[in-house]
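Asks: sharing a model prediction with you, sequence too.
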Amino acid sequence: MCRWWGGYIYGQYLAVSPIAQRVGVGKMLLEKGVEIAKENNLTYISGDTSQYATWSIKWHKRMGYKIVGYDSFYKTDYYSYIFRLQIKPSILWNNALFCKIVFLFSYIKTKAMMTNKGELTFFGRLVSRIYRLFR
Ligand SMILES: CC(C)(COP(=O)(O)OP(=O)(O)OC[C@H]1O[C@@H](n2cnc3c(N)ncnc32)[C@H](O)[C@@H]1OP(=O)(O)O)[C@@H](O)C(=O)NCCC(=O)NCCS
């Protein structure tokens with residue numbers, strides 16, 4: 001649970017045993033998360049999944065999450081989608097076009113900063129140097 005940016009829960013790992021999938025366990029866990037978020041007056045629930053995990057992407061969309069980001073990791077060729085499930089009403093975050101624009105910026109940032117093999121591009125090195133100066 002993080003209280004920055006209005007407060008949110010980050011679902012770091014979500015996995016249901018293959019023998020118990022698609023009977024509502026994932027949904028039940030999420031409902032518990034929503035309950036905790038509401039009790040703690042949090043703004044949203046976030047999570048991520050590999051861009052190739054089509055089943056997980058379908059599950060997140062079915063649960064009402066919106067795709068709002070695209071990320072990669074240093075020295076890997078792993079790319080993931082970032083999801084957001086809004087808990088508190090928000091004119092911006094409940095707007096599909098706004099989420100698409102945020103996703104587009106995130107996609108461009110990720111592609112501009114890193115190569116497909118997870119190396120920093122020239123632009124990426126520049127940004128990380130500037131970031132280190134101000135850290
Ligand atoms: C993704 C995951 C957590 C979903 O949990 P679950 O308990 O199986 O999902 P639920 O029973 O709550 O599913 C609700 C709905 O999500 C969608 N869904 C879930 N699994 C799906 C699949 N394999 N393919 C397509 N849609 C799927 C369906 O619409 C489903 O409703 P339906 O069965 O009535 O059609 C689970 O499949 C899992 O652990 N997968 C492997 C690990 C993983 O990918 N984790 C996420 C990345 S961190």
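Replies: On my side now, so go ahead. All values reported here derive from a predicted model rather than from experimental measurement.

Asks: in this protein, which residue sits nearest the ligand?
Replies: G26 (2.4 Å; Cβ to the nearest ligand atom). Using the backbone N, CA and C atoms, a C-beta is placed for each residue, glycine as well.

Asks: how about the residues of the chain that lie near the ligand?
Replies: 13-16, 21-27, 49, 53, 55-56, 58-59, 62 (Cβ under 6 Å from any ligand atom).

Asks: any regions of this protein where pLDDT drops low?
Replies: The model of the chain has pLDDT under 70 over residues 1-5.

Asks: other SSEs contacting the longest helix seen in it?
Replies: Ranked by residue count and defined by DSSP state H, the top helix of the chain is helix 96-113. Secondary-structure packing of helix 96-113 (3 or more Cβ pairs under 8 Å, 6 or more residues apart in numbering; DSSP states H and E): strand 66-72, strand 79-86, helix 122-134.

Asks: what's the angle between the shortest one and strand 79-86?
Replies: Going by axes from the mean of the first three to the mean of the last three Cα atoms, to 10 degrees, strand 66-72 is angled at 150 degrees with respect to strand 79-86.
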